[in-house]
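Chemist: I would like the atomic coordinates for the input below:
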Amino acid sequence: MDAAGGGGWGPISTPTLLSSGRMEPRKIIGTVDTSEFVVAVCASLGFFYALSFAQVPWGVVAALLVGGVIAAPIAAWVVRILPTRILGTAVGGVILITNMRTFINAIGLDAQPAFAYLVYALIVAVWIAALAFAIVVVRREKRRAEAPLPA
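Modeler: Prediction:
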């Protein structure tokens with residue numbers, strides 16, 4: 001059902017768990033990615049069973065596989081070095097940006113491209129402002145932690 005419905009629980013659960021601050025980002029992302037992998041394998045096996053193997057675009061499958069192999073170590077490195085607050089804001093923004101077209105179509109703005117672009121720009125501006133705010137807060141917290149205690 002996850003694959004047939006277009007997924008969605010991974011991009012929702014990752015920033016939600018990141019914003020709670022109860023787990024390390026690498027554990028959250030690793031857990032969600034592992035569970036999504038298992039769901040994707042099961043969904044793919046179901047689709048392969050239901051469809052003819054001849055109709056599968058193997059070039060696309062190979063490209064997605066190579067992309068995942070390249071992206072996985074990069075993602076692991078980024079998750080390890082970025083603070084939780086910045087990572088959560090970045091992930092939330094990427095999810096918003098990747099789903100903006102669906103949102104624009106759902107509220108009926110696709111017929112008015114100028115207004116749709118304005119909404120795109122507004123969402124990106126809010127995301128950039130939130131990311132900048134998260135960076136400022138993290139730097140401020142880091143300076144406080146490194147400041148010598150008064151004698």
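
Chemist: so who does the residue most central in space within the chain touch?
Modeler: Of all residues in the chain, the one closest to the mean position by C-alpha atoms, centre = their mean is Val91, 4.4 Å from it. Contacts for Val91 (C-beta atoms under 8 Å, 6 or more residues apart in numbering) come out as 14-15, 18. The way it works is simple: take the backbone N, C-alpha and C, and place the C-beta from them, glycine included.

Chemist: of those, closest to Val124?
Modeler: Of all the contacts of Val91, Val124 sits closest to Pro15, with 16.9 Å by C-beta to C-beta.

Chemist: which stretch of helix or strand covers that closest one?
Modeler: Assigned by DSSP states H and E, Pro15 belongs to helix 9-20.

Chemist: how close does the residue nearest to the centre of the chain get to Phe48?
Modeler: 31 Å (C-beta to C-beta, to the nearest Å).

Chemist: what does Thr84 give?
Modeler: For Thr84 relative to Phe48 (C-beta to C-beta), the value is 38 Å.

Chemist: what do you get for Glu146?
Modeler: 54 Å.

Chemist: more neighbours, those two?
Modeler: The neighbour comparison of Glu146 against Phe48 (other C-beta atoms under 10 Å) goes to Phe48, with 12 against 7.

Chemist: looking at it, the more buried one is touching Trp58, isn't it?
Modeler: No - using C-beta atoms under 8 Å, Phe48 is not in contact with Trp58, being 11.7 Å away.

Chemist: all good on my end, thank you.
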